[in-house]
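K.L.:
with the input below, show me the fold.
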Amino acid sequence: MRTIKTALLSYGMSGSVFHAPFIDLHAGFELAGSWERSKKLIQQDYPTVTSYPSLEAILADDTLELVIVNTPTGTHYDFTKKALLAGKHAVVEKAFTITAAEAEELSHLAKEKGLKLAVFQNRRWDSDFKTVKKVIETACLGELVEITFSYEAYLPQLNTKAHLEEPSPAAGLIRDRGPHMIDQALCLFGYPQAVFADLAIMRTDSRVNDYFEVILYYNDKRVRLKGGFLAREMAPSYIVHGKKGSFLKSRADQQEDRLLRGEKPNASDWCAEPESEWGLLKTEKDGTLIKTFIPSEKGNYLDFYEGVYQAIVHDQPEPVTADEGAQTMKIIEAAIESAKEGKVITL
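P.N.:
Predicted structure coming up:
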């Protein structure tokens, strides 16, 4: 089995929780190490790897095939471009870039160089989203007409990470949680005809948007995406209405919580939801009303990395392509323009 030597560009929360455990677990990857500017932490968890002193050291290492760009959003374009120019495949966290033009440039560059470039939209592999996707694919709801995805929490205090709270082109909830939800919507429903959005600042002392509502317009349906930090009691995170029925589902994927507790993603039950979080389906079949709870699918971010492996080794499409990442950035730009102008933006 071919092994892909892989390096991270940071080893903070994202590196230690979302990337390193799955790269280490997958037999097709070798975790080579991470760029660490000050704290040297990766060798505490993986003693045989390297703590690289600089980005240049990673780019100069000819044994490395894949670079994970998991640094703050404002650095993604520059670091990814440098990785591609150095002949490395790349995985880039959300938000992919700051602008759609940057995203498209990186996509073109990767294709020109014959390299793979994937966007780490890991929420496609959450148990809750996989369950919603499966229910929709059964067509048991009939023709879909109204869909609401929300990503809310009760976090009234400002984040201690300055790059998330200081005003900049990369800051704001629409660029932090927005990409997850937009990507999920595009994955299920494709590219919309138009966008309308409301962005606001709700928390005391906040200086960046921490609330958004985005409506994606399709010919036959509307998709509403909501995010905020002041929901102490939350409604179902996924509400899907069709002409025959409805499906309501909580956001209950267990992976992040378990990884933060230090669990490794090799447990036999990785990663099941409790029965209490099963989604509610109410529909009809052959004239009979059905109301039942749907067992949740298992989430697993390892499937993303399996997709990356297949892309690099067998020239398959990336699990989330750069072109898909560019589409998400176009929606974000349209949402920001819509909120500023107070009008629907046609795509």
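
K.L.:
using PDB, list the CA coordinates for stretch 243-261.
P.N.:
Output of stretch 243-261 as PDB, limited to C-alpha atoms (Å, rounded to 0.1, in the frame of the first residue of the first chain):
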ATOM      1  CA  LYS A 243     -45.100  18.000   0.100                       C
ATOM      2  CA  LYS A 244     -45.600  14.600   1.800                       C
ATOM      3  CA  GLY A 245     -43.800  15.000   5.100                       C
ATOM      4  CA  SER A 246     -41.300  16.500   7.400                       C
ATOM      5  CA  PHE A 247     -38.000  15.400   9.000                       C
ATOM      6  CA  LEU A 248     -36.600  17.100  12.100                       C
ATOM      7  CA  LYS A 249     -33.100  16.300  13.400                       C
ATOM      8  CA  SER A 250     -30.800  17.700  16.100                       C
ATOM      9  CA  ARG A 251     -27.100  18.500  15.500                       C
ATOM     10  CA  ALA A 252     -25.700  15.600  17.600                       C
ATOM     11  CA  ASP A 253     -22.600  14.300  16.100                       C
ATOM     12  CA  GLN A 254     -20.300  13.000  18.800                       C
ATOM     13  CA  GLN A 255     -16.900  13.100  17.100                       C
ATOM     14  CA  GLU A 256     -15.600  16.500  18.100                       C
ATOM     15  CA  ASP A 257     -16.500  16.000  21.800                       C
ATOM     16  CA  ARG A 258     -14.900  12.600  21.900                       C
ATOM     17  CA  LEU A 259     -11.800  13.800  20.100                       C
ATOM     18  CA  LEU A 260     -11.500  16.700  22.500                       C
ATOM     19  CA  ARG A 261     -11.600  14.300  25.400                       C
END
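
K.L.:
mind checking how far it is from the chain centre?
P.N.:
On the basis of C-alpha atoms, centre = their mean, to the nearest Å, stretch 243-261 is displaced by 14 Å from the centre of the chain it belongs to.

K.L.:
now swap in stretch 237-250 and tell me
P.N.:
Centroid separation for stretch 237-250 versus its chain: 22 Å, with C-alpha atoms, centre = their mean.

K.L.:
outside of it, which residues touch it?
P.N.:
128-129, 131-132, 135-136, 140-152, 234, 236, 251, 277, 279-284, 290, 294 (C-beta atoms under 8 Å, 6 or more residues apart in numbering). For every residue, glycine as well, the C-beta is placed using N, CA and C.

K.L.:
what about residue 29, neighbour count?
P.N.:
Burial measure for residue 29: 22 neighbouring residues, criterion other C-beta atoms under 10 Å.

K.L.:
can you tell me the element the nearest residue to it once chain neighbours are set aside falls in?
P.N.:
Ranked by C-beta to C-beta, 6 or more residues apart in numbering and with sequence neighbours excluded, the top spatial neighbour of residue 29 is residue 23, at 4.6 Å. According to DSSP states H and E, residue 23 maps onto helix 20-25.

K.L.:
the helix or strand that that helix is followed by pairs with which strands, and in what direction?
P.N.:
Sequence order places strand 29-35 as the next helix or strand after helix 20-25, per DSSP H and E. Using DSSP bridges, strand 29-35 pairs in its sheet with strand 4-8 (parallel), strand 50-52 (parallel).

K.L.:
ok, residues contacting strand 29-35?
P.N.:
Against strand 29-35 from outside (C-beta under 8 Å, 6+ apart): 3-11, 15, 20, 23-24, 42, 46, 49-55, 57-58, 61, 63-64, 66, 305, 309.

K.L.:
comparing the strands paired with strand 29-35, which comes out most buried?
P.N.:
strand 4-8 (a mean of 24; mean count of other C-beta atoms under 10 Å).

K.L.:
so which of the strands paired with strand 29-35 gets nearest residue 174?
P.N.:
Residue 174 lies closest, by C-beta to C-beta, to one member of the strands paired with strand 29-35: strand 4-8, at 26.1 Å.

K.L.:
ok, residue 347 touching residue 186?
P.N.:
No: shown here, residue 347 and residue 186 do not form a contact pair, counting by C-beta atoms under 8 Å, at 11.5 Å.

K.L.:
what's the overlap in contacts for the two?
P.N.:
Joint contacts of residue 347 and residue 186 (C-beta under 8 Å, 6+ apart) are residue 331.

K.L.:
which one of these two is surrounded by more residues?
P.N.:
Using other C-beta under 10 Å as the criterion, residue 347 and residue 186 rank with residue 186 on top: 19 against 13.

K.L.:
so that one lies in a helix, does it not?
P.N.:
Yes: Residue 186 sits within a helix when classified using DSSP: H, G, I helix; E, B strand; the rest coil.

K.L.:
apart from its neighbours in sequence, what residue is nearest it?
P.N.:
Closest residue to residue 186 apart from its sequence neighbours, by C-beta to C-beta, 6+ apart: residue 327 at 5.8 Å.
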